[in-house]
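# 3D model of this:
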Amino acid sequence: MSKLVQYTVDGAVARLTLDSPHNRNALSTALVEQLHEGFAGAAAEPGVRVVVLGHTGGTFCAGADLSEAAGRDPGDVAVDRAREMTKLLRTILELPLPVIGAIDGHVRAGGLGLVGACDLVVAGSNSTFALTEARIGVAPSIISLTLLPKMTARSAGRYFVTGEKFGAAEAAAIGLITVAADDVSAAVAALTGEIAKGSPQGLATSKALTTASILRSFDEHAEDLTQQSARLFVSDEAREGMMAFLQKRPPGWTTV
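Numbering: from 1, shown residues only. Sure, this is the predicted structure:
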């Protein structure tokens, strides 16, 4: 299996770097599996106090890898993908280490779920964000579990339905990210330096206080949202939307 997530440790900092340029770091099954391995490895390192989740190339994460649906039963794909995403987001939330998202590129659809799950997020001037699900006939079902607690209600009401792109300054203003920075590396280094002063017990317990309500929402809503995601994915509109996306053409419902 090719290496899609690079894993390194430097002192108190473990780094997971999405490195799948051929599909813009889309959330393929293999990439998700390697992320799980990386998070588990970081948690097992005695000296590690913080994880930095970064990326190579101009895209942090493009969301689901739609090409993997080819040749499989759409219903099975939909349920499997929703469960994979739920498990990955929960892994980040439950990790006893703070996770910092280090973004200097584009983030789309399911990639924003990762952003919402991170404890802190630094984004640079090259960053753009967009929730494009409605444009292909689906919705940000599972990732709403991490996005709605972070974004303001008004911003969620806007960006969930418009699919508009917005930059790092707007992302910071609406609570999606922590810091909009000119120098992402420097800003991340400053944060990791502060976090490294914490004890393992202190960091794990402090993080758990901030994620407890989100995890309760997972327990209450994740299964219903999984089923919702699956129903949308196999609908006629979604099939048309995904084919249009892959064929780089407007979907049939477009009127403008």
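# check the gap between Val52 and Ile177 for me.
In this view, Val52 and Ile177 are 14 Å apart by C-beta to C-beta, to the nearest Å. Placement of C-beta: from N, CA and C, glycine included.
# so where's the longest helix in this protein?
helix 200-233 (DSSP state H).
# how about the helix or strand following that helix: buried residues?
Next helix or strand after helix 200-233 toward the C-terminus (DSSP states H and E): helix 236-246. Neighbour counts over helix 236-246 (16 or more other C-beta atoms under 10 Å) mark Ala238, Gly241, Met242, Ala244 as buried.
# contact partners of helix 236-246?
66-67, 69, 74, 135-138, 232, 250-253 (C-beta atoms under 8 Å, 6 or more residues apart in numbering).
# report the inter-axis angle for that helix versus helix 200-233.
Going by axes from the mean of the first three to the mean of the last three C-alpha atoms, to 10 degrees, helix 236-246 is angled at 110 degrees with respect to helix 200-233.
# could you number the chain from 40 rather than 1 from now on?
With 40 as the first residue, the last one maps to helix 275-285.
# put the alpha carbons of helix 275-285 into CSV.
C-alpha atoms of helix 275-285 as CSV (Å, rounded to 0.1, in the frame of the first residue of the first chain):
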residue,chain,number,x,y,z
ASP,A,275,-31.2,10.1,-8.3
GLU,A,276,-30.1,13.7,-7.6
ALA,A,277,-26.9,12.6,-6.0
ARG,A,278,-26.1,10.1,-8.8
GLU,A,279,-26.5,13.0,-11.3
GLY,A,280,-24.6,15.4,-9.1
MET,A,281,-21.6,13.1,-8.7
MET,A,282,-21.5,12.1,-12.4
ALA,A,283,-21.6,15.8,-13.3
PHE,A,284,-18.8,16.5,-10.9
LEU,A,285,-16.6,13.7,-12.3
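# pull the distance from that helix to the chain's centre.
Distance of helix 275-285 from its chain centroid, counting by C-alpha atoms, centre = their mean, to the nearest Å, is 22 Å.
# and Ile139, which of the three is it?
Under DSSP: H, G, I helix; E, B strand; the rest coil, Ile139 falls in the strand class.
# for the residue lying closest to Ala65 once chain neighbours are set aside, what are phi and psi?
Leaving aside its chain neighbours, Ala65 sits nearest to Asp104 (3.9 Å; criterion: C-beta to C-beta, 6 or more residues apart in numbering). Dihedral pair for Asp104: phi -90, psi 90, per degrees, to the nearest 10.
# check contacts around the closest residue to Ile216 other than its chain neighbours.
Spatial nearest neighbour of Ile216, excluding adjacent residues (C-beta to C-beta, 6+ apart): Val160 at 4.0 Å. Shown in contact with Val160 (C-beta under 8 Å, 6+ apart): Ile139, Gly140, Ile142, Val154, Leu215, Ile216, Thr217, Val218.
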